[in-house]
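Q: Sequence and predicted structure, then a few things I'm wondering about:
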Amino acid sequence: MERRHQVLVAGGGTGGITVAARLKLARPDLDVAIIEPSEFHDYQPLWTLVGAGVFDKAITRRNTADYIPPGVSWIRDSVAAFDPEANRVTLKGGDTVVYEQLVVALGMKLDWGRVKGLPGNVGKNGICSNYAWETVDSTWQFLREFKGGTAVFTFPSTPIKCAGAPQKIMYLADDYLRNSGVREKSKVVFASAGAAIFGVKKYRDALEKVVARKSIDTMFKHDLVEVRPSSKEAVFKKLEDGSEVVMKYDLLHVTPHQTTHDVVKKSSLPNADGWVEVDKYNLQHVRFPNVFSLGDNSSLPTSRTGAAIRKQAPVLADNLLALRDGKPLEARYDGYASCPLVTGYGKLILAEFDYDGKPMESFPFDQSKERYSMYALKAYGLPDLYWNGMLQGRS
């Protein structure tokens, strides 16, 4: 069967729902459809605090049906193939959907298999991860069971969702171990494929002080390539010379490598690195003018965060409507991203910056300082803004 819609949104996650909501608010008569197979919609930014025992993960999950914008058609299926040359998408169920404009917002997938020995072992033998609904509880379990030894927290060599998350759980774990009286018997290690603790200097300087205060060992330019669960060993590739380092662990928090979905890679939409190739300012595809993209699957050279999508979505919606009206695409995205860096229970540094790494702070104080107010904003304010503002197309 062939279906037709004026605007087709591939993906009903943060980016897809936010864009669809904005389009319908601006043009109530516009025919918009979302392709999304998932029954549930998760607020993933809170999984850091779930893994640290602050919240139960149940509060992060809601029914997708409750957030499909009014008047938007929900196609509960998955994309099997993109055919932008023919303005058509094929669904896994076999149907095709013809569109006038397409928004690609499929997000990223967790590439567990890129680390040898990792698939099937998260949640076992001290290996945990906050990066999936199925595994986030294991972090809190292993943290409570930890009685001393070496706790390793990894950061991979690929772009990832919320680049601050791998170190946030480390700071919370350090706090928990201190409060539990076992920190003196413990070694905490941040093993990162990155070259520094953070990319923006202002916040990097602040975080380096946090790392020093907490006596955390850092290993930069080290990419996790293998785990050996039976012997509790983690194998890292040194990116500078290709040699390997084997480290014993008692607790290993893994941030998996991440990538675009295969359906994107197999299409004519991505660049050479696999990301949907769009202009970084107007979010329009560089080869297919009626295609737009935002969020984690896009080529936008900024951090992959919900806060970034919050700024991308209105730009995309405005420019898509301008295209429909035959007008110039004048809305611009400046690369804004935000990373609420939890540095302990009740402490947070709120990093906000643009494409150039220039701080773009929202509050009239130095956001590189650890504050409870910013922690409360992350824990309570931002989830409310997400569910009741952003996904409604209003903030």
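A: That came through fine.
Q: could you pull out the helices for the stretch 251-395 of the chain?
A: With DSSP state H, counting those that start in this stretch as the criterion, the stretch 251-395 of the chain has helices at 262-265, 306-324, 372-376, 382-388.
Q: which residues are in contact with the shortest one?
A: Residues outside helix 262-265 that contact it (C-beta atoms under 8 Å, 6 or more residues apart in numbering) are 78-82, 104, 106, 259, 270, 274-276, 297. Where C-beta positions appear, they are placed from N, C-alpha and C, glycine not excepted.
Q: Kindly indicate which of the residues you listed lies nearest Leu391.
A: Leu106 (17.1 Å; C-beta to C-beta).
Q: Spatially nearest residue to the closest one (excluding sequence neighbours)?
A: The spatially closest residue to Leu106, leaving aside those adjacent along the chain, is Gly11, at 4.2 Å (C-beta to C-beta, 6 or more residues apart in numbering).
Q: Throw the helices of the stretch 251-395 of the chain into JSON lines and include mean pLDDT, distance to Ile216 and mean neighbour count, thanks.
A: Formatted as JSON lines, the helices of the stretch 251-395 of the chain follow (pLDDT from 0 to 100; distance: least, C-beta to C-beta, whole Å; neighbours: other C-beta atoms under 10 Å):
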{"stretch": "helix 262-265", "mean pLDDT": "98", "distance to Ile216": "36", "mean neighbour count": "16"}
{"stretch": "helix 306-324", "mean pLDDT": "98", "distance to Ile216": "26", "mean neighbour count": "22"}
{"stretch": "helix 372-376", "mean pLDDT": "98", "distance to Ile216": "19", "mean neighbour count": "16"}
{"stretch": "helix 382-388", "mean pLDDT": "97", "distance to Ile216": "26", "mean neighbour count": "16"}
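Q: Quick check: which of the ones you listed is nearest to Tyr43?
A: helix 382-388 (5.8 Å).
Q: Next, the residues that contact the closest one from outside, please.
A: By C-beta under 8 Å, 6+ apart, the residues outside helix 382-388 that reach it are Thr14, Tyr43, Pro45, Leu46, Arg62, Tyr67, Gly306, Pro340, Ser395.
Q: For these, pick the one with the most neighbours.
A: Within the contacts of helix 382-388, Thr14 tops the neighbour count with 27 neighbours, counted by other C-beta atoms under 10 Å.
Q: And that residue, how close does it get to Glu184?
A: Computed with C-beta to C-beta, to the nearest Å, the distance linking Thr14 and Glu184 is 41 Å.
Q: Perfect, that will be all.
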